[in-house]
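**Q** prediction below, plus the sequence it came from.
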Amino acid sequence: MNPTFKIVGLGEILWDIFPDGERLGGAPSNFACHCRQLGSDAFPVSCVGADELGQRTRTELKQLDVSPDYIQENESHSTGKVMVTLNDEGKPTYEILEDMAWDYLTFTPEWKALAQSLDAVCFGSLAQRSPQSRETIRTFLQHMPEKSLKIFDVNLREPFFGKEVVEESLELATILKLSDEELPVLAEYFNLAGTVTEQLSALRERFNLNLIAYTRGSDGSILSSVEETNESCGVKVKAIDSVGAGDSFTAALCTGLLKKRPLAEVNTFANQVAAYVCSNKGACPTLPDDLKSF
Ligand SMILES: OC[C@H]1O[C@H](O)[C@H](O)[C@@H]1O
């Protein structure tokens with residue numbers, strides 16, 4: 001039997017509001033839901049308001065077989081919302097509402113015990129837009145076991161990021177996931193030059209990272225570790241909704257790394273999962289069995 005890993009998506013949980021309705025979202029929550037589908041005990045760790053959307057968050061998570069046990073409730077702030085529009089290629093534009101419940105993450109004894117028991121976490125930059133959630137995320141990471149995977153999926157969302165948050169997050173992380181649209185921003189922050197491969201190596205060395213995953217949409221990805229670099233040419237599909245595809249890539253990457261599978265296999269698998277998510281509606285469509293059994 002495959003080992004079960006304990007994994008957390010730490011940060012925002014919210015509702016993506018599309019012209020045709022709402023869907024549960026937030027990158028760390030999407031990540032946790034995908035890790036659950038891939039066979040781990042995975043938890044979104046976040047906060048909702050004492051409102052109808054907060055109730056629906058718990059119900060929806062249970063329907064996805066994901067535990068809402070680490071979702072806090074904030075009496076004075078609403079459950080997060082993001083307005084989403086998709087272009088003809090399924091690429092999203094986001095308008096992210098401010099001062100939401102997930103801006104008030106609170107480090108509790110329950111969260112401390114959870115952090116101490118984890119195999120992996122994924123966190124991003126968006127939830128760090130507020131000082132309170134930023135401090136909570138930093139404390140949570142500091143309580144995790146030394147050997148656990150700490151994945152920073154930069155997920156830059158306008159206008160809520162800056163060099164200081166990215167730099168501190170890279171110092172706390174052991175693994176970085178970023179896209180081809182995000183590398184130029186980091187290259188400017190940290191004066192990276194040369195080819196993409198050279199820039200990734202420079203970042204890896206500067207922040208003492210074990211691995212960087214660099215994604216290029218349908219053109220695949222590069223995994224750059226201390227020992228090797230692996231390039232995947234990706235999977236060509238007709239994308240209809242790429243919301244959550246990056247989060248599914250990170251979940252597959254995390255699962256493969258915890259299972260200690262060869263980097264080339266992990267890279268191929270992560271691209272297959274992300275391609276499936278892109279070609280289906282919603283951030284967390286049910287994966288076919290052959291993709292669940294990696
Ligand atoms: O990565 C996808 C997520 O990022 C955006 O911030 C949306 O909320 C969406 O659910």
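**A** Right, received. Where do you want to start?
**Q** tell me the bridge partners for the residue in the chain positioned nearest to the ligand.
**A** Closest residue of the chain to the ligand, Cβ to the nearest ligand atom: residue 25 (2.6 Å). Just so you know, the C-beta spots here come from the backbone N, C-alpha and C atoms, and that holds for glycine as well. In this structure, residue 25 has the following beta-bridge partners (DSSP bridges): residue 14.
**Q** got the contact list for residue 115?
**A** Residues in contact with residue 115, defined by Cβ atoms under 8 Å, 6 or more residues apart in numbering, are 8, 121, 140-141, 143-144.
**Q** for it, which non-adjacent residue is closest in space?
**A** residue 143 (3.9 Å; Cβ to Cβ, 6 or more residues apart in numbering).
**Q** pull out the buried positions in stretch 226-246.
**A** Across stretch 226-246, burial judged by 16 or more other Cβ atoms under 10 Å covers 230, 232, 234-235, 237, 239, 241-246.
**Q** over to stretch 75-84?
**A** Buried, per 16+ other Cβ under 10 Å, within stretch 75-84: 77-82, 84.
**Q** end to end, how far does that stretch reach?
**A** End-to-end distance of stretch 75-84: 26 Å, with Cα to Cα, to the nearest Å as the criterion.
**Q** centre of the chain to that stretch, how far?
**A** With Cα atoms, centre = their mean, to the nearest Å as the basis, stretch 75-84 stands 19 Å off its chain's centre.
**Q** quick one: mean pLDDT for it?
**A** Computed over stretch 75-84, the mean pLDDT rounds to 97.
**Q** repeat for stretch 238-255
**A** Averaging pLDDT along stretch 238-255 yields 96.
**Q** just confirm yes or no for that stretch near the ligand.
**A** Yes - under the criterion of Cβ under 6 Å from any ligand atom, the ligand is reached by stretch 238-255 at 243-244, 246-247.
**Q** could you dump the residues you listed into a markdown table with secondary structure added?
**A** Converted to a markdown table, these look like this (DSSP: H, G, I helix; E, B strand; the rest coil):
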| residue | secondary structure |
| --- | --- |
| 243 | coil |
| 244 | coil |
| 246 | helix |
| 247 | helix |
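**Q** of those, closest to residue 148?
**A** Taking Cβ to Cβ as the measure, residue 148 lies nearest residue 247 of those, at 19.0 Å.
**Q** which positions in the stretch 51-200 of the chain make contact with the ligand?
**A** So far as Cβ under 6 Å from any ligand atom goes, the stretch 51-200 of the chain lies against the ligand at 82, 94, 157.
**Q** so the second one: helix, strand or coil?
**A** If I follow you right, that is residue 94. Note that with three-state DSSP, the state of residue 94 is strand.
**Q** longest strand in this protein, by residue count?
**A** Taking DSSP state E as the criterion, the chain has its longest strand at strand 41-49.
**Q** which parts of the chain are strands?
**A** Remark: strands assigned in the chain by DSSP E are 6-10, 14-18, 21-25, 41-49, 71-74, 80-86, 92-96, 120-123, 149-153, 175-179, 211-215, 221-225, 229-232.
**Q** now what about the last one, what contacts it?
**A** Pointing back at strand 229-232 there. Residues from elsewhere that reach strand 229-232 (Cβ under 8 Å, 6+ apart): 197, 200, 220-223, 263-264, 267-268, 270-271.
**Q** that one: partners in the sheet, and parallel or antiparallel?
**A** In the sheet, strand 229-232 lines up with strand 221-225 (antiparallel) (DSSP bridges).
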